[in-house]
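1. this one's structure only:
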């Protein structure tokens, strides 16, 4: 046994240095972009005191670095569905770059922790527990997130200056949080790795071969000095609290290694506490900052990275429908991704069209303004090349050839082109919107609801005109202010109308005949009505119509029209 002790590896000092570096990095990026602020969200169920302590440490560390820290705290009555809903909301929040689910979850209900950790968006899985990130790591791909404790252990090993290339490493424990990813990390560093677990035979003899020994078995002081190879690096990940009245907290922490005997054999060893624990928090911060930088870089590009569809020109140019059907449109979700829209900002309707949420306006409010080009006042040629064809062609030239970010805004095509000589394209030839049928016949979204609301109001106007022409003042008044449960009362909006008319009465039975006449009739002049019904197509045969021709309308006809609804 050596008379000298192994060098203590201070996780506290290493973690402090990492936090200082992260704070400086965040500050430096904010000098260039004041909107940059990494966001970390911690989802907790219940109120376990040990979890509360860990969460406070993480939240304080995040705020110290200059990060946004969100504590999504659910009660013990929370169900699995509640947790998944909370995770989904955080996944869609562009201000959150890292999400962790604090384990174990303290709930009255059964919750599948694997299902919850796998519900986290892999690009925000800063705990590295999603199966996609775990799968990458197991195949030697470090492009995903590495679990925080193994990553912290690797940093501590590197700090000793001991080379891992060709070294014999033993990992004691095979959990998905520590043992398995630690093994994969050490392999990626070109060490020869053995994993030991509860079924390993002669485990002390195996650990005694290790140049680097990482212990995370969850058993207090299991590893003794004679288990350790002289000069080995020992990383103790164990945290075993034991009641101790002599301490301020009432407990004392022990590792999985017997520190007094192991420190005399090892060349370097981590203490408990003050070893791996602080590094776990530091690596969580580092993962989150790296995630925010990736997100910021991806969504701050000056030019969209769009994969252009191939264009095979045919001479002479075929009909519009042939051109449209010769090209397979790109999936709308893929296109949205290429131009920087988030999944939460897109509501697809099939594979070729989608509605974009106005939330994108708030997210991009600090982006430089673009230029708006209006294509108008063009007399179409005999074959129909007019405003739409020019607008689409201009967008194609700016985007595909000059590589500018460009969007073409068109209204839905008219029925004239659909049934006339020009064909049914929005645009024409190789400068048209595809798929043609979707654009002509199947657009969807809020514009339909707006049209319906507009037409309902137009119908209400005609209904009121009809009733005023066919009913007495008294009949109208009884319809407008009916008796309900033996009582007649004015509604709030009717009281406002009475005040506007200069009638200061709130009892319907007190109105005079003249006041009833004024109150009941709007007396529209049908020749001044400009609020028309609308269509989403330009059908010129409906630009002037006669309404009220049905026998039920009692001869109450009038000239009206359909206006064009632009898209």
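-> Now that the structure is in, tell me what you want to look at. Bear in mind that the values here come from a model prediction, so they are computed numbers and not experimental data.
2. and the nearest residue to residue 504 once chain neighbours are set aside, what does it touch?
-> Distances taken as Cβ to Cβ, 6 or more residues apart in numbering place residue 498 nearest to residue 504, at 7.4 Å, with adjacent residues excluded. For every residue, glycine as well, the C-beta is placed using N, CA and C. Shown in contact with residue 498 (Cβ atoms under 8 Å, 6 or more residues apart in numbering): 490, 504, 505, 506, 519.
3. go on, residue 300?
-> Listed by Cβ under 8 Å, 6+ apart, the contact set of residue 300 reads residue 33.
4. if we go to 10 Å?
-> Taking Cβ atoms under 10 Å, 6 or more residues apart in numbering as the criterion, residue 300 is in contact with 32, 33, 35, 36, 340, 367.
5. tell me which element it falls in.
-> In this structure, residue 300 is located outside every helix and strand according to DSSP states H and E.
6. Next one: it from residue 366, what distance?
-> As judged by Cβ to Cβ, to the nearest Å, residue 300 and residue 366 stand 11 Å apart.
7. just to revisit the earlier point, now the contacts of residue 498 as CSV including distance to residue 94, neighbour count and pLDDT?
-> CSV is the format used below for the contacts of residue 498 (distance: Cβ to Cβ, whole Å; neighbours: other Cβ atoms under 10 Å; pLDDT from 0 to 100):
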residue, distance to residue 94, neighbour count, pLDDT
490, 49, 18, 94
504, 54, 8, 93
505, 55, 15, 93
506, 52, 11, 91
519, 53, 21, 95
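8. Among those, pick out the one closest to residue 207, please.
-> Of all the contacts of residue 498, residue 207 sits closest to residue 490, with 87.7 Å by Cβ to Cβ.
9. Work out for me the element that closest one sits within.
-> Going by DSSP H and E, residue 490 is not in any helix or strand.
10. Then residue 136?
-> Per DSSP H and E: helix 131-138 holds residue 136.
11. buried ones in that helix?
-> Using 16 or more other Cβ atoms under 10 Å as the test for burial, helix 131-138 gives 133, 134, 136, 137.
12. Can you list the helices and strands that it packs against?
-> helix 113-117, helix 179-188 (3 or more Cβ pairs under 10 Å, 6 or more residues apart in numbering; DSSP states H and E).
13. of those, which approaches residue 553 most closely?
-> Comparing the helices and strands packed on helix 131-138 against residue 553 with Cβ to Cβ, the closest turns out to be helix 113-117 (60.7 Å).
14. Contacts for that closest one, please.
-> 43, 45, 80, 83-84, 86-87, 99-101, 103-105, 125, 127-131, 134, 176-177.
15. what do you get if the cut-off is 7 Å, keeping everything else the same?
-> Helix 113-117 has contacts (Cβ atoms under 7 Å, 6 or more residues apart in numbering) with 80, 83, 84, 87, 101, 103, 105, 129, 130.
16. any low-confidence regions in the chain?
-> 1-3, 301, 380-385, 411-425, 440-448, 536-538, 540, 564-567 (pLDDT under 70).
17. one more time with 80, if that's ok
-> Residue ranges of the chain with pLDDT under 80: 1-4, 299-302, 366, 377-386, 411-426, 436-452, 530, 535-543, 563-567.
18. OK, contacts around the spatially most central residue of it?
-> Nearest to the mean C-alpha position of the chain, by Cα atoms, centre = their mean, lies residue 92 at 1.9 Å. By Cβ under 7 Å, 6+ apart, the contact list for residue 92 reads residue 344.
19. got it, and residue 109?
-> Counted by Cβ under 7 Å, 6+ apart, residue 109 has contacts 79, 80.
20. try residue 238
-> Neighbour list for residue 238: 215, 216, 217, 218, 255, 256, 272 [criterion: Cβ under 7 Å, 6+ apart].
21. Go ahead and list the helix or strand containing it.
-> Here residue 238 is assigned to no helix or strand, by DSSP H and E.
22. any idea how far it is from residue 7?
-> 20 Å.
23. Summarise which helices and strands the helix of greatest length in the chain is packed against.
-> What stands out as the longest helix in the chain, according to DSSP state H, is helix 446-470. On a contact count with 3 or more Cβ pairs under 7 Å, 6 or more residues apart in numbering; DSSP states H and E, helix 446-470 meets strand 533-535.
24. So what are the sheet partners of the strand it packs on and their directions?
-> In the sheet containing strand 533-535, its partner strands are strand 562-564 (parallel), by DSSP bridges.
25. Quick check: phi and psi on the nearest residue to residue 430 once chain neighbours are set aside?
-> The spatially closest residue to residue 430, leaving aside those adjacent along the chain, is residue 323, at 6.0 Å (Cβ to Cβ, 6+ apart). When read as degrees, to the nearest 10, the backbone of residue 323 gives phi -60, psi -50.
26. Can you verify my assumption that residue 323 contacts residue 428?
-> No - using Cβ atoms under 7 Å as the test, residue 323 is too far from residue 428 to be in contact (8.5 Å).
27. More neighbours: these two, which one.
-> Neighbours per residue (other Cβ atoms under 10 Å) separate residue 323 from residue 428, with residue 428 holding more: 26 against 23.
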